[in-house]
Structure formats: C-alpha cells, structure tokens
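1. quick one, what's the 3D model for this:
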Amino acid sequence: MRKLTLIAMAIALTSTISLAGEPSHQYVGASVCAMCHRTPKNGEQFQKWQASKHSQAMKVLSSPEALKIAKEKGLKGAPSESPECLQCHETAYDAPASQLGPRFNKEDGVQCETCHGPGKDYMKMDIMKNQKLAVANGLVLLSVKDGSAEKLCVTCHNKKSPTFKGFDFKTMWPQIAHPVPAN
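-> Numbers count the residues shown, from 1 in each chain. The predicted structure follows:
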C-alpha cells in the first residue's frame, strides 16, 4: 500500500501528464469536493479546509505584507502572479488550462487536490466508495505513518519561504487533519 500511495503521490505532484503527453487527470476545485465532503458523515472536511489558512493562501498574496516581501526579494510583479509564490499558494499553478475543470478556481488557494490529486476521475460516488479504484483513478492518500504527509507538507513549509519560522509537522498536522469518522 505504501508503494502505491507514493506512486500516486508522485503522479499527482508532477502535473499528472500521461505518456502520450496529455493530462491524465483534471482538477475540479474545492467547490466540487464540497458537495460530498461537507456532511457530518464525512467529517465536515470541507468546513475544516475553509477554516484553515490553506483556503486563504491566494488572498494572503494580495496583502500589503506580501507585496513588501516580494519587493524585498526582488520579485518582478505582484506576488499573486509570481511562480515563486504560486508554487505553494495555488493548487495546480503550473497545470495547463485543459487540466482545469470549469468550476476550478485558483483563488481558492491550497485546495483538496493539492494533497489528494486532481479529482475528476475519482470524484464519482461509486469510485470513491472503493478505495483501490479511487487510487487507481488518481486519488492520493497521504499517511502520517509512512511519512508521505510530512514529505508533501515540507515541499512548501520550508526555508525557501520568505516567511518561514520553522515547521513542526507533529504540531501542525492535527490542525488540518480531516479523517472520515468511523461508522
């Protein structure tokens, strides 16, 4: 399972391009995920994301502080248009337009699909009810036990960030964890 999870994560994190050069999965956006993941049965996962700083990641790039930092770092243009900032603040920042679904909104910041992979091919209920099938269709399952969750988090929460003040995964993970409640 660990190998399958890491393979799925690698696929999701590399723009999900197939061998034929075409996008293999499409991003649907947090609003699409919300349709199912806002219910108590699913742990109100969408609301947990909405209350997190991840959902505000793009908005922060328009703040006076972000503009000041960008200027100090010598970035040309606004932080909300800079690849150096977008790579961590925007889901699918470098994905081709053909890979972005009609309801995908980059302004939603660090969305579900940043961690779980583009959702178009696994979002249907019949697929989501079968974890192996969902993974085969692009769902990325991160794990604290195998280190894949922390490995993904530190791709952005690291010293390359101009506002980095340290990152303690064990403290931060519970703030964003959103498991499905046991039935």
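2. low-confidence ranges in the protein?
-> 1-23, 183 (pLDDT under 70).
3. can you tell me, leaving aside adjacent residues, what's nearest to the residue sitting furthest away from the middle of it?
-> Among the C-alpha atoms of the chain, the one farthest from their average position, using Cα atoms, centre = their mean, is that of Glu72, at 27.5 Å. Nearest non-adjacent residue to Glu72, counting by Cβ to Cβ, 6 or more residues apart in numbering: Pro162, 7.7 Å away. Just so you know, the C-beta spots here come from the backbone N, C-alpha and C atoms, and that holds for glycine as well.
4. what about Ala95, how many neighbours?
-> Applying other Cβ atoms under 10 Å, we find 21 residues neighbouring Ala95.
5. any figure for the gap between it and Asn105?
-> 13 Å (Cβ to Cβ, to the nearest Å).
6. give me the element the residue positioned nearest the centre of the chain is part of.
-> Central residue of the chain (Cα atoms, centre = their mean): Thr114, 1.6 Å from the mean position. Here Thr114 sits within helix 112-116, counting by DSSP states H and E.
7. helices and strands around that helix, which ones?
-> With contacts taken as 3 or more Cβ pairs under 8 Å, 6 or more residues apart in numbering; DSSP states H and E, helix 112-116 sits against helix 30-37.
8. so which residues make contact with the helix it packs on?
-> 42-46, 49, 55, 101, 103, 105, 108, 111-113, 119, 123, 125, 128 (Cβ atoms under 8 Å, 6 or more residues apart in numbering).
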